[in-house]
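S.K.: got a sequence here, can you model it:
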Amino acid sequence: MNLLGVVVILALSSAAPPGSEGSCATANIETALKAVFERYPSADELDLTRDSGEPITPEFLSTAFKVRDVRNGYATLEHADLVERYEAALFKNSSGYHLVIVSTGGSVNRMGVFRCDARGLVSDAQALSFSREDALKLYGEAGLIGKKGLTEQHLQDWAGSLVQIALPRKGRSIVLKAAVDEPAHVYGKKVGSVEYSDGRFVVRSLGRTKQASASGE
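M.R.: Next comes the predicted model:
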């Protein structure tokens, strides 16, 4: 499913960076984040940098952790040398893990995702991607289009991200929310979720989830 040219969540690329083969396996969120910044200094698509221009070292990460929940694979990063606040979640599977990092506000335009498996740690922007049409479908199935002045054309013309995400502190389900703040009542409304199953991210619209619940699926 091709979903919103705005989300960046990984898919395995054909080759891992030199020297990374098999060296990223961990169940620890802190270790996974350190591995990312060692191999991808700006967290790749996320382009995370420090105001000072200094590199994001393991020592810097240790001072930037605001929340470090190793048991649940979740962390937040805050520091005077970082313009934004970031959160990260580790999604484990039988062959490795996926690590998702997102900036303040959870915009799917500001996300980096990484995958570790037997070949090492790789970054990929294609495993879960959204087209604008897919985002419109999420809004439509959530019953938001045509409600209190929100039109499909308004969404088509919206310059920013249509969807924001909320990473789970616990569990394996990412919440998708409306990022449009005009009209104001729409902002933050849930439009769907991303479930992590069998090492894959699967998008579920709010409308379909409600239908499945009603039918007992």
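S.K.: which residue ranges form the helices in this structure?
M.R.: Taking DSSP state H, the helices of the chain run over residues 29-39, 58-64, 132-141, 152-157, 206-215.
S.K.: I'd like the average pLDDT over the shortest one.
M.R.: If I follow you right, that is helix 152-157. For helix 152-157, mean pLDDT rounds to 92.
S.K.: could you do the second one as well?
M.R.: On average, the pLDDT along helix 58-64 is 95.
S.K.: how about residues contacting it?
M.R.: 30, 33, 34, 37, 38, 50, 54, 77, 78, 79, 81, 82 (CB atoms under 8 Å, 6 or more residues apart in numbering). Every residue, glycine included, has its C-beta placed from N, CA and C.
S.K.: residues near residue 178, how many?
M.R.: 22 (other CB atoms under 10 Å).
S.K.: chain neighbours aside, what residue packs nearest to it?
M.R.: residue 189 (4.6 Å; CB to CB, 6 or more residues apart in numbering).
S.K.: residues touching the one you found, list them.
M.R.: 142, 144, 177, 178.
S.K.: which ones are touching residue 139?
M.R.: 145, 150, 155, 162, 178, 191.
S.K.: can you tell me which of those residues are in strands?
M.R.: The members of the contacts of residue 139 that map onto strands under DSSP state E are 178, 191.
S.K.: good, wrapping up.
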